[in-house]
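>>> no sequence for this one, just the structure:
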């Protein structure tokens with residue numbers, strides 16, 4: 001063997017080892033069934049979930065009620081089955097809901113649906129559509145798009 005051939009073999013071996021190390025690193029991440037890599041996860045890199053982005057208001061309210069009753073594990077199971085996501089993602093979502101629930105002020109005034117619509121309409125007509133959307137979101141469990149559509153329909 002010539003020196004060039006030896007360096008070629010060494011280069012190929014190093015490339016194979018690097019690719020193998022990268023593959024092992026990927027396989028040690030989130031696992032899919034049968035040892036495959038799970039590519040379709042909504043939550044990557046330990047990011048905390050945004051409650052409004054992957055949940056519906058009914059599910060969030062059900063989880064809040066379970067948390068108020070001290071049923072954390074039941075809430076995680078409910079989210080996992082409802083959203084068809086993994087256990088880790090479901091736990092992170094429930095923890096996010098729990099964290100958001102603790103941060104909300106307890107002395108918040110709640111209005112009826114007709115009062116919400118009336119106040120939002122007045123804010124919109126007064127030239128404050130963004131404040132109207134914020135008010136609707138604060139008073140309901142609507143996400144941004146639903147609240148905007150609601151205000152636009154007034």
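Perfect, thanks for sending it. Not measured: the values here are computed from a predicted model.

>>> Could you use CA atoms for every contact and neighbour count after this?
Noted.

>>> so residue 148 makes contact with residue 133?
Yes - the criterion here is CA atoms under 8 Å, and residue 148 meets it with residue 133 at 5.6 Å.

>>> Comparing the two, which residue is more hemmed in?
Neighbour totals were compared for residue 148 and residue 133, and residue 133 leads with 25 against 18 (other CA atoms under 10 Å).

>>> Distance of the more buried one relative to residue 12?
According to CA to CA, to the nearest Å, residue 133 stands 60 Å off from residue 12.

>>> can you list contacts of the helix or strand that contains residue 58?
Using DSSP states H and E, residue 58 falls within helix 57-68. Residues outside helix 57-68 that contact it (CA atoms under 8 Å, 6 or more residues apart in numbering) are 51, 72, 74-75, 78-79, 94, 97-98, 101, 141-142.

>>> Just the ones of the residues you listed in helices?
Secondary structure defined by DSSP state H assigns 51, 72, 74-75, 78-79, 94, 97-98, 101 of the contacts of helix 57-68 to helices.

>>> For residue 128, what are phi and psi?
With angles defined as degrees, to the nearest 10, residue 128 sits at phi -130, psi 60.

>>> so how many other residues sit close to it?
For residue 128, the count of nearby residues is 13 (other CA under 10 Å).
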